[in-house]
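Peer 1: Take a look and give me a structure for this.
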Amino acid sequence: MTLNRRHLLASALAAGALYALPARADAPKTLRVLVGFPPGGGSDAIARLLADKLKDVLAMPVVVDNRPGAGGQIAAQVLKSAPADGSTLFLTHDHTISILPQVVKNPGFEPARDFMAAGGFATFVNCLAVPAATPAASFGEFVQWVKQHKAGKSAVGIPAPASTPEFLVRLLGRRYGLDLVAVPYRGSAPMVGDMLGNQIPAGIGSVQDFIENHRAGKLRVLAVLGARRQAALPDVPTFAELGLAGFEDTPYYGFYAPAGTPQPFIERFSEALAQVLAIPEVREQLIAMGLAVGFMTPAQLSARERAYTAVWQRIIQDSGFKPQ
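Peer 2: Purely as a prediction, here's the structure:
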């Protein structure tokens, strides 16, 4: 990056203003952002918010392309086969990049070989929520309700199989002597829909999946993962506070490109992402969704990915889970 571009970027970041980054003459005319979950879920809402601002900074259309299924596996396979020309990125979180390749025998992609980090923008936590009709105002009350009124057995919705929520369901069952059955969905939106319709008495997903319905009184978030309480849910305790340690490391969100994507595009996109995240309105909306906003360079996102993958390698091995 030239000195002038660094100065312009720093000035724009400080002011929270948008300016269009110069494009290469051979750059694609449209940027497609893949999302591995259906419209209406947390990842989709985040993608559409960022795409709306990125189009101004990149001075090109940015379209969201939902490819739901298999916990982001389908979208990841689409990214692998996409041309490495800067026309396609994948907005995803830890599950698809750090966990899925360890729990699926043949995922159809290998992140270290097939993808390039293009920039990260947030960390987040998962949480346990129940519908308003489930008579539990706290996590302790939920445990007692399952024991007393459900004979110790309850279904718990999860947005994808073999995900962080599924491992948490297993751990909660062992820790509290419950027969909890993880019910996988094709993303958080259909899971939340069934919770709102009282088709399932509990669900585990990211804070951004539940936050709006929690505020509206339609769902209740009872406990969150992570080392500290969340700014969006200051009255909700962490599982660590409740005596369930081991899930303090927080998942991440980032953008990935196909391997071999030109470095100038990666740098240009990373600059654009940093500029968008500096806009107060964008930060406020992401925080309201339950995210801890923080720009990560491609190198920082890669380091975060490696560290989180190592954490989950231990958790998966200790659980006795066998790749399927």
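Peer 1: Confirm that F210 sits in a helix.
Peer 2: Yes. Checked against DSSP: H, G, I helix; E, B strand; the rest coil, F210 lies within a helix.
Peer 1: Help me confirm that it comes into contact with V221.
Peer 2: Yes. Here F210 reaches V221: they are 5.5 Å apart, a contact under Cβ atoms under 8 Å. Just so you know, the C-beta spots here come from the backbone N, C-alpha and C atoms, and that holds for glycine as well.
Peer 1: and the residue nearest to A75 when sequence neighbours are not counted, how many residues sit next to it?
Peer 2: Take A75 and drop its neighbours on the chain: the residue closest to it by Cβ to Cβ, 6 or more residues apart in numbering is G36, 3.5 Å away. Other residues lying near G36 total 30 when counted by other Cβ atoms under 10 Å.
Peer 1: all numbers from here: first residue = 92
Peer 2: Fine by me, first position is 92 from now on; the one you just mentioned is G127.
Peer 1: Contact partners for L316?
Peer 2: Shown in contact with L316 (Cβ atoms under 8 Å, 6 or more residues apart in numbering): 216-218, 255, 259, 329-330, 338-339, 341.
Peer 1: quick one: it from S189, how far?
Peer 2: Distance, L316 to S189, by Cβ to Cβ, to the nearest Å: 15 Å.
Peer 1: and what of A383?
Peer 2: 17 Å.
Peer 1: can you check P328 too?
Peer 2: For P328 relative to S189 (Cβ to Cβ), the value is 26 Å.
Peer 1: Those two: which has the busier surroundings?
Peer 2: S189 (23 against 15).
Peer 1: Assign a three-state SS to that one, would you?
Peer 2: S189 - assigned by three-state DSSP - is helix.
Peer 1: Assess the claim that it and T400 are in contact.
Peer 2: Yes. With contacts counted by Cβ under 8 Å, S189 reaches T400, the gap being 4.2 Å.
Peer 1: Overlap of the contact sets of F301 and V312?
Peer 2: Contact criterion Cβ under 8 Å, 6+ apart; residues shared by F301 and V312: 218, 220.
Peer 1: Flag the shaky bits of this structure, pLDDT-wise.
Peer 2: By pLDDT under 70, the weakly predicted segments of the chain are 92-118.
Peer 1: Do a quick rundown of the strands in the stretch 242-391 of the chain.
Peer 2: For the stretch 242-391 of the chain, the strands defined by DSSP state E, counting those that start in this stretch occupy 244-249, 270-275, 294-297, 310-315, 343-349, 383-387.
Peer 1: how much distance is there from the second one to the middle of the chain?
Peer 2: By that I understand strand 270-275. 21 Å (Cα atoms, centre = their mean, to the nearest Å).
Peer 1: How is the protein divided into domains?
Peer 2: Following automatic domain parsing, one finds the domains of the chain at 94-214+342-410, 217-315.
Peer 1: ok, the longest strand that the chain contains: who's next to it in the sheet?
Peer 2: The longest strand of the chain (DSSP state E) is strand 206-214. Applying DSSP bridges, strand 206-214 is found paired with strand 343-349 (antiparallel), strand 383-387 (antiparallel).
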